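Novice: Build me a model from this:
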Amino acid sequence: MPQKKTTTEAKKKSASAPEKKTAAKKTAPAKKETSVKHATAAMPLKEKKAPNPDSVFNRVMPYILMIVALFVAVCFLMSGMTGSVGGAIRIVLYGLFSTAAWFVPVVIAIEAVCWKKDVERGEVTSKWIFALVVVTFIAVLMHVFYVQSNGIPSGEVSFNVKELWQMGIGSEEVSRMGGGVLGGLIAALLLRLIGIAGTLIVSIALLFTFTVFLFGLTPRALGIYIAYYFHKKREESAKKRAEENERLKPYYTPVRRDKDWDEPTSDSGHETAEEPAAKDKPKKKKPVDRIDTLEEPEDLPPFDIDVDPFEEKEEEEETEPLPASDYTPASPIAEFIPMEEEPEVRNELKEVFGGERRQSIPATAAASAVPSAAEAAVSAVPDAAELELMVERKRLSELEAEKKEAENAPEEKEPVREYVFPPISLLNIKNEPQNVDISEELHKNAVKLVETLASFKVRTRVVNVSRGPTVTRYELVPEEGIRVRSIANLVDDIALNLATTGVRIEAPIPGKSAVGIEVPNRIKETVYLRELIEKTTFKQAASRLNVVLGKSVAGEPIYLDIAKMPHLLIAGATGMGKSVCINTMIISLLYKATPDEVKMILIDPKKVEFSMYNGIPHLLVPVVSDPKKAAGSLHWAVNEMERRFEMIEDVGVRDVMSYNKITEGDPEKERLPQIVIVIDELADLMMTAPDDVEDSICRLAQKARAAGMHLVIGTQRPSVDVVTGLIKANVPSRIACTMASQVDSRTILDVAGAEKLIGKGDMLYSPVGFNKPMRVQGAFVSDSEVESVVQFLKSACGTCEYNDDVMAQIDKEAARCGMGKKGSGASPDMDDEDMESDPMLRPALELAVESGKISTSLIQRRLSLGYGRAAKLIDKMQILGYVSPPDGQKPRTVLITKQQYMEMVLKKDDFE
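Specialist: As a prediction, this is how the structure comes out:
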């Protein structure tokens, strides 16, 4: 038995084992199924693709809806001309809505107009529902009116669908009645539940609400629109009243009359016999403090008698003569009003008293009343002191009004004088001897060259000699089989045999099949700037940026066009002519271009090179000597470049010259002068703010040519940490004066040779497009000549007026340098002055809301503001969260809706 029991248990275990395996197998798929469920549940988390309002379907759909609306309307108007489809549509709509079906084509047309906006907001389905509700409740109201007009009790309104359908479609004998199936059923339900009054209230309320929703509004938004409309009307009315009062203010000024003027007095000190007659006079009224209209005010108290202090007229009605004993003559007017002042004082009185208003004395008055009236007339007319005080008040008020107008009016600036080119006589003339016999020196050097090369088994012959101001080039042609490199390797041996330094070999000469050996002259000539400016080539050059450089080895004048460079890098050791070369270019610009054509920004970290140019009319700002302000100037130049590109893009041209040509006759378009930015010492700037300076220079060098902005950069330490690879790659034109080493020469020109120059303006010029640099002797201009030209311009053109907006922007950008901010592209950090409320903030924000986008150039054009103020407005709008941060050259996105803007205007929280 025990054995059998054991066998049975074993069988159970063996049977249970497969079950466990099966369970295990079943468990695994269960886990898998769970994971699939989780994955399926996670799928809906993906964002649904937003509908594209610019797709073909969404562009065509409004036209289709408009056609459908037109067809449905024709179905109602011309029932016999729309076929079976039109008849079916007409019967169905009449059966559902009865006469309210006429509103179906209207709501379809509304949806066609609002289709694009509804697609953008994802409200297409809801709009169709709103349209259905609107038409239904129109039908409900029509059914309620039908029930009311036929005297049907609310509790007995029919729910018979067939009957409602027949009433809706009508027939030839019976016209359409009620509200159709939908309108009738809903109306019957409401009438039985809440009665006729409740049905009307609910139906009208829902009809109004859903009609507002149908137009894409809400009741609250509609209220805001209405309130904003009346708010704008009140503002315009108040503005007109203020302008009218301001216009009339100089003509009517407040005058307060003395309280005793209207009280009659008597010289005798006692009352007259006719006291009641005096009491019958009109009561004294409150004097008028201000007259706001041109019409004569009616509340002024009339004069009681006809007394004019300036005209002697007879009384209109004769009075009885008075005894001499009872009559006290009034003091003569001549005592306080001189005759020569009569017209002026009379006019003043007429303005004060509102003109000539008279009332004659009635003939029935008692004779004794005349003395009292006369005395009253005398007392009514002010005496001399009072009259003078009154006139003085009038004049003071006029002076105050003129003073306020003068304060509010913009300050009259000194008229800008026309630019006068400095006379050429301010520059020094060449006074060196012209005829010097140098033929012997040239022949001697040519023979030595041939003999020296022959001693090294290099056979050559001299074919030409070109003598320049400081260097003579001997052109040699080697015999066949002689390698050019063998001549170039003998430069030191040639210098030794000629007993000179600075020998340079150009092998071969560009454009010639010859080798040039440049040997310094024993008698050197100075190239004066005046000599080259007087040349016809310089005068007739079309470019306003054509400047003098110097003379070539062959003695030909060399000019360069900065616009074609388009940026220039000048390097040289101290005292080798780098600063003189830059001064030559600046003086050339003063002789070539007017301030309207060319503007300059001079950056002088050394503070001694360009300080003499302060005050010339070509400067946008004073000479910049602070390194941080210099970095800020470059940041401003980047912002100005972007602004110019926006303006050029708006016109549809490619560069600033074409822009100026197209907009020449348009007074609304700003003329854009070419801007030359001259940096005397780049190394100091790179030590102060390397990242800011390098980034700005690279951006300007890459893009600023088309915007009419050009860089001229000078440095005396052309190491790789100053003239970086990015700067070299973006500044294609180079000039190298004498260098300290071959490494520096390769840094600037990418070739050796600048270290062998002889100094004093001797340079290698490598413009864009040249394979090999050209040797040039730079023109010389002394400090006294520069001072003479600058002083002439200051005296001829008057005081230089710098651009305040540019200076403010440079100061603002300078404060950001070294703080990890990259100019205006970073998030704005406005100071307390900028955070103050600007009165133009509201118009700028209104412009942004209306146009849907905003940019600095748009504010400048539409609001007639300068660039600095427009940029501050955009910065403030960004800080307040109204517009988005900058996105390259794209306009900023407006982050508030028109409804939110109108709410802010009504609250006046952000603009007060």
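
Novice: Would you agree V104 is in contact with V134?
Specialist: No: with contact defined as CB atoms under 8 Å, V104 does not count as touching V134 (10.0 Å). No exception for glycine: its C-beta is placed from N, CA and C like everyone else's.

Novice: C800 - how many residues pack around it?
Specialist: 15 (other CB atoms under 10 Å).

Novice: What pLDDT is listed against it?
Specialist: What the model reports for C800 is a pLDDT of 78.

Novice: three-state assignment of it?
Specialist: In three-state terms, and counting by DSSP: H, G, I helix; E, B strand; the rest coil, C800 is coil.

Novice: How about Y559?
Specialist: Y559 ends up strand, using three-state DSSP.

Novice: which residues does it contact?
Specialist: 532, 537-538, 541, 546-549 (CB atoms under 8 Å, 6 or more residues apart in numbering).

Novice: Which ones among those residues map onto helices?
Specialist: 532, 537-538 (DSSP state H).

Novice: do you know how far L841 is from E903?
Specialist: 16 Å (CB to CB, to the nearest Å).

Novice: so what are the domain limits for this protein?
Specialist: Following automatic domain parsing, one finds the domains of the chain at 56-216, 439-520, 529-797, 827-907.

Novice: ok, L845 - contacts?
Specialist: Contacts of L845 (CB under 8 Å, 6+ apart): 877, 882, 901.

Novice: before we move on, back to that, among the ones in helices among the contacts of Y559, who's most crowded?
Specialist: That'd be L532 among the ones in helices among the contacts of Y559, by other CB under 10 Å, with 21 neighbours.

Novice: How about it, nearest residue that isn't a chain neighbour?
Specialist: Sequence neighbours aside, V548 is the residue nearest to L532 in space, at 4.5 Å (criterion: CB to CB, 6 or more residues apart in numbering).

Novice: OK, contacts around that neighbour?
Specialist: 529, 532-533, 538, 557, 559, 584-585, 588, 779.

Novice: what is it paired to in the beta sheet?
Specialist: Y559 (DSSP bridges).

Novice: That one and V134, how far apart?
Specialist: To V134, V548 is 80 Å away according to CB to CB.

Novice: before we move on, the earlier item: how about CSV for the domains of the chain, with mean pLDDT and distance to D804 added?
Specialist: Listed next are these as CSV, based on pLDDT from 0 to 100; distance: least, CB to CB, whole Å:
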stretch, mean pLDDT, distance to D804
domain 56-216, 85, 43
domain 439-520, 87, 45
domain 529-797, 89, 9
domain 827-907, 78, 8
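
Novice: Tell me which of those domains sits nearest to D805.
Specialist: Checking those against D805 by CB to CB gives domain 827-907 as the closest, at 3.3 Å.

Novice: how distant is the closest one from the center of its chain?
Specialist: 10 Å (CA atoms, centre = their mean, to the nearest Å).

Novice: Check stretch 103-123 too.
Specialist: Mean C-alpha position of stretch 103-123 versus that of the full chain (CA atoms, centre = their mean) differs by 36 Å.

Novice: Can you check the distance spanned by that stretch, start to finish?
Specialist: Its first and final residues considered, stretch 103-123 spans 21 Å by CA to CA, to the nearest Å.

Novice: mind listing what's buried in it?
Specialist: Neighbour-count burial for stretch 103-123, counted by 16 or more other CB atoms under 10 Å, picks out 103-105, 107-112, 114-115, 118-119, 123.

Novice: Give me the subset of those lying in helices.
Specialist: Using DSSP H, the buried residues of stretch 103-123 in helices are 104-105, 107-112, 115, 118-119.

Novice: could you list every residue that touches the residue nearest to S543 when sequence neighbours are not counted?
Specialist: Spatial nearest neighbour of S543, chain neighbours left out: D561 (4.8 Å); criterion: CB to CB, 6+ apart. The contact partners of D561, by CB under 8 Å, 6+ apart, come to 541, 543, 545-547.

Novice: What's the PyMOL syntax to select whichever of those are buried?
Specialist: Buried residues within those, by 16+ other CB under 10 Å, are selected in PyMOL with:
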select buried, resi 543+545+546+547
